[in-house]
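> Sequence first, then the predicted structure, then my questions.
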Protein chains: 2
Amino acid sequence: MSVQETRQQILRAALKLFSERGFMGATTREIADEAGVAEVTLFRHFLSKDYLFEETLKGYSFLPELQEVLAKIQGMDYEEGMNVIALSFFEALKKRRDIIRIIQSEVYRYPEKIHLAYHEMIDGLIKALSGHLRGLQKKGLLRDFDPYNGARAFMGMIFSLFNMQEILLRSKYRKEDENTLIAAFVNIFIRGTIA
Amino acid sequence: MSVQETRQQILRAALKLFSERGFMGATTREIADEAGVAEVTLFRHFLSKDYLFEETLKGYSFLPELQEVLAKIQGMDYEEGMNVIALSFFEALKKRRDIIRIIQSEVYRYPEKIHLAYHEMIDGLIKALSGHLRGLQKKGLLRDFDPYNGARAFMGMIFSLFNMQEILLRSKYRKEDENTLIAAFVNIFIRGTIA
DNA sequence: ATGTAATGTAAGTGCTTACTTACTATGTCA
DNA sequence: TGACATAGTAAGTAAGCACTTACATTACAT
């Protein structure tokens, strides 16, 4: 196993355990075990538990999915496009569940670093969605409203669903409910913003 | 200071420190100091730190505000009523910021207890708002949609705003923005659901 | 005034845990 | 083969922290 692989193993284990037990609740011993390395190896790769935590926060932007989705919705009508965006956003959130859980749980620990990680994830999305809505407005498809506020409303509905299902109540729900809810959200938003 | 007062002091201090530093980050020593009592007094009132935590979670339902608001919006038109509901909900969330922060941070600790506290806060609200929307539907004021989904959409937008501003980025925003956003959310929702 | 319930002071116990040190083992490349 | 980088084993250190114990103090009710 190369140095980089070992490092990644440790980061993966840290992500998992920090998310399951919180920063203080996860011991360096457990993280090392989970990663399949000796505890001392962890400390050879990362100066301290704090430093390991900071490294764990890096590199979770939504950019890959974002670009993919923006391409995909070209040529779709408004409702269809927003549906795709909603579902992709929801899936992207799920994929990053562990890191989001950590962000929400440990805000008080390193406010700046956490804020950074948060903005890194979200800002681009809001901007992109606002831009998309603004474009549709210019085409006369949407009524007059602030696209930034619209984007916040749209993402807020979906984020709350994610937060309730995946962060607070892991598992106590059915997939069908989830899709029904998202469809309903999109429907309300469409009707609320169409020209 | 009576026994009950001392107990309340400790609970208040615990709420504050658990929310600021997390369950494990807050020491019983600090909580006692914050409450202005000796550490041993804390343990005379609460068997253990765990037990203190559980007690801290109790009694934060939204019922008082809920009843107040339901009375207040009688006779208002749809948009006006929803505006009042949105603002009240947002204020109610802010008022419970500490406990909500704890709930979000410590879900993994006592899933059942946390879920209980969560449902105690939210379920009544969803039910009440659904009921309100259903009533308006029956009067023919709103189009046909599932009021439960509508309630989730509405509360989701506002909760996300709260979550972003008060939990993640405490303070880095202006009150005007907040009101503008809420008004925009309500507006989109109104137009998306009206007959 | 005195007994009782609540609190404080002070010291300590035992466990956990981040992090270290010293030495050994293994694999890779010259 | 041997030098070097990387990882493992094992033992330990020092600090923090929940919780306890023993005893002194205060306040209030009868």
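Right, received. Where do you want to start?

> now the helices: where do they sit in chain A?
With DSSP state H as the criterion, chain A has helices at A:3-25, A:28-35, A:39-45, A:49-56, A:63-72, A:78-95, A:97-105, A:111-138, A:147-162, A:175-193.

> The helix-or-strand element of chain A with minimal mean pLDDT packs against which elements?
Scoring the helices and strands of chain A by mean pLDDT, DSSP states H and E places helix A:111-138 at the bottom, with a mean of 90. Helices and strands touching helix A:111-138, by 3 or more CB pairs under 8 Å, 6 or more residues apart in numbering or on different chains; DSSP states H and E, are helix A:63-72, helix A:78-95, helix A:97-105, helix A:147-162. Using the backbone N, CA and C atoms, a C-beta is placed for each residue, glycine as well.

> and the angle for it with helix A:63-72?
Relative orientation of helix A:111-138 versus helix A:63-72 (axes from the mean of the first three to the mean of the last three CA atoms, to 10 degrees): 0 degrees.

> Contacts only, for residue A:45.
By CB atoms under 8 Å, 6 or more residues apart in numbering or on different chains, residue A:45 lies in contact with A:6-7, A:10.

> For stretch A:47-65, measure first residue to last.
33 Å (CA to CA, to the nearest Å).

> For DNA strand C, tell me whether it is touching it.
Yes - Stretch A:47-65 comes into contact with DNA strand C (CB under 7 Å from any atom of the strand), by way of A:48-50.

> Let me see the mean pLDDT of stretch A:58-76.
Mean pLDDT, stretch A:58-76: 91.

> Over to stretch A:33-43?
Stretch A:33-43 carries an average pLDDT of 97.

> Can you get me the start-to-end distance on it?
End to end - CA to CA - stretch A:33-43 spans 13 Å.

> Give me the contact status of it with chain B.
No - Stretch A:33-43 stays clear of chain B (CB under 8 Å from any CB of the partner chain), getting no nearer than 15.6 Å.

> how far does stretch A:128-135 sit from the chain's center?
19 Å (CA atoms, centre = their mean, to the nearest Å).

> Quick test: name the residue nearest the centre of chain A.
residue A:93 (3.7 Å; CA atoms, centre = their mean).

> these two touch, right, that one and residue A:162?
Yes - assessed by CB atoms under 8 Å, residue A:93 is found in contact with residue A:162 at 4.5 Å.

> how many other residues sit next to residue A:7?
18 (other CB atoms under 10 Å in any protein chain shown).

> what does residue A:183 give?
As a burial measure, residue A:183 scores 15 neighbours (other CB under 10 Å).

> Please give me every residue in contact with it.
residue A:83.

> What score does it have for pLDDT?
For residue A:183, pLDDT reads 97.

> follow-up on the earlier one: which of the residues of stretch A:47-65 next to DNA strand C are buried, as a ChimeraX select command?
Here is the ChimeraX command that selects the buried residues among the residues of stretch A:47-65 next to DNA strand C (16 or more other CB atoms under 10 Å in any protein chain shown):
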select /A:49
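
> Return the most buried member of the helices of chain A.
Comparing the helices of chain A by mean neighbour count (mean count of other CB atoms under 10 Å in any protein chain shown), helix A:147-162 comes out on top with a mean of 23.

> Off-centre distance for that helix?
The answer for helix A:147-162 is 13 Å, by CA atoms, centre = their mean.

> angle of it against helix A:111-138?
120 degrees.

> wait, does helix A:147-162 make contact with chain B?
Yes - using CB under 8 Å from any CB, helix A:147-162 reaches chain B at A:149-150, A:152-153, A:155-161.

> Can you get me a residue count around residue A:195?
That count, for residue A:195 with other CB under 10 Å as the rule, works out to 11.
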